[in-house]
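Visitor: build the 3D model from these lines:
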Amino acid sequence: MPVDILDALNPSQRQAVTAIEGPVLIVAGPGSGKTRVIVHRIAYLVDTVGVSPHRICAVTFTNRAAREMRARLQALLGSRAEQLTCGTFHALCAAILRRDGEAIGLAHNYVIYDEEDQGTVIKQAMEEAKVDPRRFPPHAVHEAISAAKAQLLDVEGFRLRVGSYYDEVVLRVYERYQALLVAGQAVDFDDLLLKTFVLLRDHADVLEKYQGRYLHLLIDEFQDTNVAQYQIARQLAGKYRNICVVGDPDQSIYSWRHADLRNILSFQKDYADCRVVHLGENYRSTQTIVAAAQKVIATNRQRLENPLHTSKGQGAPIVAAEAYNEEEEANWVVRELDRLHRQERVPYSACAAMYRVNAQSRALEEACLRYGIPYHLVGALRFYHRKEVKDVVAYLRLVANPADEVSLLRVLNVPPRGIGQKTQDQLVRWARGQGVSALDALGRLSSDEQGAALIPSSGRAALLRFHAMVQELRQAAERLDVVALMDLLLERAGYRQWLLEETEDGQERWENITELRGTAEDFRRLGPQEGLAAFLEGVALVSDQDNAEADRDAMTLITLHQAKGLEFPAVFIVGLEEGLLPHSRSLDDPAQLEEERRLFYVGMTRAKERLYLLRAFRRRFRGSGMPGEPNTPSRFLRDIPSNLIAMPLGSGAPSLIASRRPRDEAAVTPATQAAPPPRPPLKTGDRVRHAKFGEGIVVSCTRSGGDHEVTVAFQGAGVKRLLYSLAPLEKVEMHP
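Guide: Numbers count the residues shown, from 1 in each chain. Here you go, the predicted model:
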C-alpha cells in the first residue's frame, strides 16, 4: 500500500478510514473531505485489511458522484477497482432485480419507464379508474403514489393507510397503474427500490446471497436517503453489520424528493454500538464564512452537533447588500463581478449567483447580457427559452402580428384543445394553397366549403373557437396595456388553470409567468399598441443572445438545491427575503422552515473566499407582502454576527445599503425618495462611438438602478441596449 494513503489525512479523517469493524457514522461537515475519506477507506480495506474488492459495496446518490469515486479508486487501486460495486441506489437495485427479480415475478428483461412514460401510464390508469383529471391533476396523483412507494407502501399497504376521499382516489389509480406496469413487465424508479426490498424480505436465499457477498457497505450522502433506501441498506448489512454511513444532517435539503432526515438522526439508536466520527475541519472556506454559517445553522433543532473550524485564515468580510428591486439587485451582482474580474483578475468562472427558485434567474440573465458578462445557467433553460414563457410570448406575438405562423402553430393546441397534428398540417396546406395566413384561413372555415371538407368537424369547431379568441384579443390590444392584455389572454386561453393543474412543476412554471408579467409592467406607461411592440422587441433582443458555452470563462447561475456538492471562490446569494428564502410554503411548518435554513447554509458553505448576501426591498413576482408592498428581510440574516459583515460602500459596486438587518420601509424616508436623480450622461439624438459597434445615435437614456441604460441605434449593428458605466461609449461632438 502506498504510504500516503493515511499520511495524506488529518487525524479525524484517519480515524474514519481505519474504523472498519461494525457500524460507523461519519458526520462530515461541508468542505471536510468526505469523498477523500470514502475513497481512502475503501483503499485501506483492500490494501491493508485484505478485503476483496468484490465484497465491498459503495453507494452514492448521483451518477456524477459515482463516476468521480470510481476515477479516484482507479488511481489508488488500479484494475482492482473494477471489481467493486459502486453506483447509485437505483443502479444497485436495478442490477439485483435483473439477476434475481424472477423470484417475485419480474422478468430479467424488464423495462424501466422514464418520467414521460410514467405520465402516460398514469393518465391511462386514471381513465380506466374513471378518475377525472380535471379534478385530480395526474402529476399530483403520481406524486402521491411515488411518496407511498418511498415509504415502502405497495397497493395493499397503501389501502391500510387510506384516511380520506383523496386517498381513496389515489388508491384506485395506484391499483390500475401497477396493473399496467405488471402487464408491460415494467417498473418505475420507485419500484426499483420497493421491489428490491420485497425481494430481499420475502426470499431468504436471495437475501443470504447478497448479505454473504457484501462484507462492507458504505453509503454517501446518508442524510438524503428515504425510508426504502435505508431499509435496503439494513437488509444488505444484516449479517456482518459493517455499515458505514457518511453524511451531514445540516445539509439535508431534499425532503421534497422523499429524503427522510430521521435516518441519519436515528442511526445511533438503530445501531447502539456504532462509532461516531466527526469531520470538522473545513478545507474550503475562510474562517469568516465558516463562523457565519455555523451561527445560521445553530438555530436548528434537528441536527447533530459538529463544530467546524478551518486553517484558511480570516478572509474577507461577508457583504450584505440591499437593492431597491430585482433589477437593481442583479445590476449590483454583475457590477461587483465586473470589478472583481477587472481589478483583481478573478475569472468569471470562479463566481456563482445562487437563488431559491428558477424564476429569479431572469433579472440576472438580463443584467449579464447588458453588461456583457458571460454566463451559463445550470439545470434550467434560460428564462426566455422556458416553454411557458415562450408560449405566452407567442400568444402576444400572434396578437401583434396575425401573419406569424410560427407563433400560431406553437399555441394552436396549447393548452390542449383537441387539435391534432394532422389537423394542423391540413390547415397549413390549405392556407398556403389559398395564399393567406393560417390565421386568416381559420376565419374562412365557417364559410368555405372546400376548407370545411378538409378539416374534421370536431377539429373545425376547436379551430373556430381559437380564431374567435385571437380576434377578441386583437381587439382588446387596441385599448389594453400589455399587462392587462397578458392577463386577459391567460384567462381566455385557460393557460393558468392548465399550467397549475395539468403540468409538472406547475407552481414554478407559473412563477415564471408572473415574473414575465412583472417585466411587462415597465411598458404600461406606453400606449397599448406601442407598449406591446416595445415589450416584444425587448424580449427578442434578450432571447436572441447565444447561450454561453459551459467551457468558457463564464459565471454560473444556479439554484441553491442544484449547488449542493459544488464550490466557488465567490458566491452571490440573492433574494434573501421572507417568503422567498425562507420560502412562503415553509413559514407555517417548523420542519420545512428548518430545511430552508439548511438550504441557506448549503449556499453559504459553497463559498471559498467571498460571500455576498443580497435582498430586494421590492420584488414584483414574490415576497411576503402583496404586489407593490415592501419585502421583509430574511430572518436568516439576523443570525449572522455584525462583526462578520462589511458595508459594500467604496467597493466599486453601486452604493447600496448594507447592514446586519437590512432596512425596512421606514428607512426609506421621503427625503431619500425625493433626492434629485443624477443627470443623464447622454440625451436623445447624441452621436456616440462604441469600440465594437462603431458610431450610432442615442435613442434614449434612462435610469437603471444606480446607473443609466442607453439605447443606441448603430450603423450596421442595429439597436443595442447598454449600461453607461460599463459600455465603452464615447460622445462624438458634432461640428458645423
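
Visitor: which stretches in the stretch 301-450 of the chain count as strands?
Guide: Using DSSP state E, counting those that start in this stretch, the strands of the stretch 301-450 of the chain run over 318-323, 351-355, 375-377.

Visitor: once you drop chain neighbours, what's closest to Glu175?
Guide: Closest residue to Glu175 apart from its sequence neighbours, by C-beta to C-beta, 6 or more residues apart in numbering: Val155 at 5.5 Å. Every residue, glycine included, has its C-beta placed from N, CA and C.

Visitor: which ones are touching that neighbour?
Guide: For Val155, the contacting residues are 171, 174-175, 178, taking C-beta atoms under 8 Å, 6 or more residues apart in numbering as the criterion.

Visitor: got JSON lines for those, with secondary structure, pLDDT and distance to Leu722 too?
Guide: Compiled in JSON lines, those are given as follows (DSSP: H, G, I helix; E, B strand; the rest coil; pLDDT from 0 to 100; distance: C-beta to C-beta, whole Å):
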{"residue": "Leu171", "secondary structure": "helix", "pLDDT": "95", "distance to Leu722": "60"}
{"residue": "Tyr174", "secondary structure": "helix", "pLDDT": "96", "distance to Leu722": "57"}
{"residue": "Glu175", "secondary structure": "helix", "pLDDT": "94", "distance to Leu722": "61"}
{"residue": "Gln178", "secondary structure": "helix", "pLDDT": "93", "distance to Leu722": "59"}
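
Visitor: neighbours around Glu156, how many?
Guide: Here the count is done by other C-beta atoms under 10 Å, and Glu156 has 8 residues near it.

Visitor: any idea of the mean pLDDT for the helix or strand that contains it?
Guide: The secondary structure element spanning Glu156 is helix 155-161 (assigned by DSSP states H and E). This predicted structure assigns helix 155-161 an average pLDDT of 93.

Visitor: buried stuff in it?
Guide: By neighbour count on 16 or more other C-beta atoms under 10 Å, the buried set for helix 155-161 is Phe158.

Visitor: again, but for stretch 494-503
Guide: By neighbour count with 16+ other C-beta under 10 Å, stretch 494-503 contains the buried residues 495-496, 498-499, 501-503.

Visitor: do the same with stretch 244-263
Guide: Of the residues in stretch 244-263, those scored as buried under the neighbour-count criterion (16+ other C-beta under 10 Å) are 244-255, 258-261, 263.

Visitor: so which of the buried residues of stretch 494-503 belong to strands?
Guide: Using DSSP state E to define strands, no part of these is located there.

Visitor: can you lay out these as JSON lines showing distance to Phe197 and pLDDT?
Guide: Shown next, in JSON lines, are the buried residues of stretch 494-503 (distance: C-beta to C-beta, whole Å; pLDDT from 0 to 100):
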{"residue": "Tyr495", "distance to Phe197": "42", "pLDDT": "91"}
{"residue": "Arg496", "distance to Phe197": "40", "pLDDT": "89"}
{"residue": "Trp498", "distance to Phe197": "37", "pLDDT": "89"}
{"residue": "Leu499", "distance to Phe197": "36", "pLDDT": "87"}
{"residue": "Glu501", "distance to Phe197": "33", "pLDDT": "80"}
{"residue": "Glu502", "distance to Phe197": "32", "pLDDT": "76"}
{"residue": "Thr503", "distance to Phe197": "31", "pLDDT": "75"}
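
Visitor: including distance to Arg610, could those residues go into TSV?
Guide: As requested, the buried residues of stretch 494-503 are arranged in TSV below (distance: C-beta to C-beta, whole Å):
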residue	distance to Arg610
Tyr495	42
Arg496	40
Trp498	43
Leu499	38
Glu501	43
Glu502	43
Thr503	38
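
Visitor: and Ser12, what does it touch?
Guide: With contact set as C-beta under 8 Å, 6+ apart, Ser12 has these partners: 277-281.

Visitor: ok, those vs Ile56, which is closest?
Guide: Val277 (18.7 Å; C-beta to C-beta).

Visitor: quick one: Glu515 from Val389, how far?
Guide: Applying C-beta to C-beta, to the nearest Å, the value for Glu515 to Val389 is 8 Å.

Visitor: overlap of the contact sets of these two?
Guide: Taking C-beta under 8 Å, 6+ apart as the criterion, Glu515 and Val389 both touch Phe383.

Visitor: picking that back up, top of the contacts of Val155 by neighbour count?
Guide: Tyr174 (25 neighbours).

Visitor: assess the claim that that residue and Glu156 are in contact.
Guide: No - with the criterion set as C-beta atoms under 8 Å, Tyr174 and Glu156 do not qualify as a contacting pair; they are 10.2 Å apart.

Visitor: okay, and the common contacts of those two?
Guide: Counting by C-beta under 8 Å, 6+ apart, Tyr174 and Glu156 have no shared contacts at all.

Visitor: what about the helices in the stretch 601-736 of the chain?
Guide: When secondary structure is read from DSSP state H, counting those that start in this stretch, the stretch 601-736 of the chain shows helices at 670-673.

Visitor: where does pLDDT dip in it?
Guide: 621-629, 647-679, 703-707, 716-718, 726, 734-736 (pLDDT under 70).

Visitor: returning to what we had before: return the subset of the contacts of Ser12 lying in strands.
Guide: Counting by DSSP E, the members of these that fall within strands are 277-279.

Visitor: now, of these, which are buried?
Guide: Buried residues within these, counting neighbours by 16+ other C-beta under 10 Å: 277-279.

Visitor: Gly418 - how many residues pack around it?
Guide: Using other C-beta under 10 Å as the criterion, the residues surrounding Gly418 number 11.

Visitor: that one is in contact with Ala462, isn't it?
Guide: Yes - counting by C-beta under 8 Å, Ala462 is a contact partner of Gly418 at 5.1 Å.

Visitor: ok, Arg397 to Phe600 distance?
Guide: Spatial separation of Arg397 from Phe600 under the definition C-beta to C-beta is 39 Å.

Visitor: between those two, which has more neighbouring residues?
Guide: For Arg397 and Phe600, the more surrounded residue by other C-beta under 10 Å is Phe600, and the numbers stand at 25 against 21.

Visitor: what helix or strand does the more buried one sit in?
Guide: Secondary structure (DSSP H and E) places Phe600 in helix 590-604.

Visitor: what's the angle from that helix to strand 318-323?
Guide: 110 degrees (axes from the mean of the first three to the mean of the last three C-alpha atoms, to 10 degrees).

Visitor: in helix 590-604, what's buried?
Guide: For helix 590-604, the neighbour count (16+ other C-beta under 10 Å) marks 592-604 as buried.

Visitor: and if you look at stretch 9-18?
Guide: Of the residues in stretch 9-18, those buried by neighbour count under the rule 16+ other C-beta under 10 Å are 9, 12-18.
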